[in-house]
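Participant: fold the following, please.
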Amino acid sequence: MLITGNAADIVGQLTEGARREGIELIDVDSTEKADVAIAAVRSSSHSTLALGIHTLDAVSDYIAPEAPRLVIAVRAKLSIAPERLMGPLVREILFQVAVATGGLDGAKKLRTARARFGSALLDAAGLHVFRIGRMRVRPPRD
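Facilitator: Below is the predicted model:
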């Protein structure tokens, strides 16, 4: 898993949680390719989704071609402390990875009331999780 971005509080919390759970993290100096990539970005003046895609583009050499790519867009000011949001955020990330990898059958793709509540909590707090799928390599601009 590769976790990167400029939203230091979310990146730090996700990294710490992944290490606690024994999830192998890839850093940008590694020769391995990450099987899941997450960019957590915060921006008040530009599109956080565009910034997230740009961030993942910058480290695309370290991401496996078929890896699910997620962008966590963080509003400039969160209304709830990030620690309180980690549970719903991790559940949403796992759900998006499972959908992207075909790990859910059709019936399980429907969200439970608890999952919908968690998603609404994230939205109200200013966190949005986008699954952007595979990235195609863009040709350099002239």
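Participant: packing partners of the longest helix along the chain?
Facilitator: When every helix of the chain is counted residue by residue (DSSP state H), the longest turns out to be helix 82-100. On a contact count with 3 or more Cβ pairs under 8 Å, 6 or more residues apart in numbering; DSSP states H and E, helix 82-100 meets helix 8-20, strand 69-74, helix 113-125, strand 127-131. All C-beta atoms are positioned from the backbone trio N, CA, C, and that covers glycine.
Participant: can you do 10 Å?
Facilitator: helix 8-20, strand 37-42, strand 69-74, helix 113-125, strand 127-131 (3 or more Cβ pairs under 10 Å, 6 or more residues apart in numbering; DSSP states H and E).
Participant: which parts of that helix are buried?
Facilitator: By 16 or more other Cβ atoms under 10 Å, the buried positions in helix 82-100 come out as 82, 85, 88-90, 92-93, 95-97, 100.
Participant: could I get the helices and strands packed on helix 82-100 as TSV with distance to Tyr62?
Facilitator: What follows is these, written out as TSV (distance: least, Cβ to Cβ, whole Å):
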stretch	distance to Tyr62
helix 8-20	15
strand 37-42	8
strand 69-74	12
helix 113-125	27
strand 127-131	19
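Participant: turn these into CSV, including mean pLDDT, distance to Ser30 and mean neighbour count.
Facilitator: Below are those laid out as CSV (pLDDT from 0 to 100; distance: least, Cβ to Cβ, whole Å; neighbours: other Cβ atoms under 10 Å):
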stretch, mean pLDDT, distance to Ser30, mean neighbour count
helix 8-20, 89, 14, 16
strand 37-42, 92, 13, 26
strand 69-74, 92, 17, 24
helix 113-125, 85, 30, 14
strand 127-131, 89, 23, 18
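Participant: so which of the ones you listed gets nearest Ile63?
Facilitator: strand 37-42 (4.6 Å; Cβ to Cβ).
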